[in-house]
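A.B. asks: make a model of this:
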Amino acid sequence: MEKIIDIGTFIEKGINVLEESLSGLWGAIDDVISWTVEFLNDTFLAIPFIIIIAFVTFGAYYANAGKLAFKKKVFEKVQA
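C.D. replies: Got it, this is the predicted structure:
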């Protein structure tokens with residue numbers, strides 16, 4: 001089968017042009033993403049795991065109970 005349009009070559013050339021002309025932008029985006037990942041990693045590793053479990057448990061309870069989360073009626077319903 002004969003190639004009519006070699007799309008791969010055009011895409012490769014386009015990517016190379018973007019890399020050359022916008023290398024500063026790509027570097028800045030890469031730095032922001034790297035900083036965000038490192039910050040989140042350090043933050044989550046600094047928090048004791050039991051606290052993370054407590055937040056997830058509280059969030060699940062609140063999502064299930066909704067606006068009645070802190071009403072006495074909900075606690076009675078759970079105990080029954």
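A.B. asks: residues near Glu12, how many?
C.D. replies: Residue neighbour count, defined by other CB atoms under 10 Å, stands at 11 for Glu12. Just so you know, the C-beta spots here come from the backbone N, C-alpha and C atoms, and that holds for glycine as well.
A.B. asks: any stretches of the chain with poor pLDDT?
C.D. replies: The chain contains residues with pLDDT under 70 at 1, 3, 67-80.
A.B. asks: repeat that for 80
C.D. replies: In the prediction, the chain carries residues with pLDDT under 80 at positions 1-5, 65-80.
A.B. asks: show me the helices in it, by range?
C.D. replies: Listed in chain order, the helices found in the chain under DSSP state H are 7-21, 23-46, 49-65, 72-79.
A.B. asks: alpha carbons of stretch 17-32, as CSV, please.
C.D. replies: Extracted C-alpha coordinates of stretch 17-32, given in CSV (Å, rounded to 0.1, in the frame of the first residue of the first chain):
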residue,chain,number,x,y,z
VAL,A,17,9.1,23.2,16.3
LEU,A,18,7.0,23.5,19.5
GLU,A,19,9.9,22.1,21.5
GLU,A,20,12.3,24.7,20.0
SER,A,21,10.1,27.7,20.1
LEU,A,22,8.3,27.1,23.5
SER,A,23,11.1,25.3,25.4
GLY,A,24,10.8,27.9,28.2
LEU,A,25,7.1,27.4,28.6
TRP,A,26,7.5,23.6,28.7
GLY,A,27,10.3,23.9,31.3
ALA,A,28,8.1,26.1,33.5
ILE,A,29,5.2,23.7,33.2
ASP,A,30,7.5,20.8,34.1
ASP,A,31,8.8,22.7,37.1
VAL,A,32,5.3,23.5,38.4
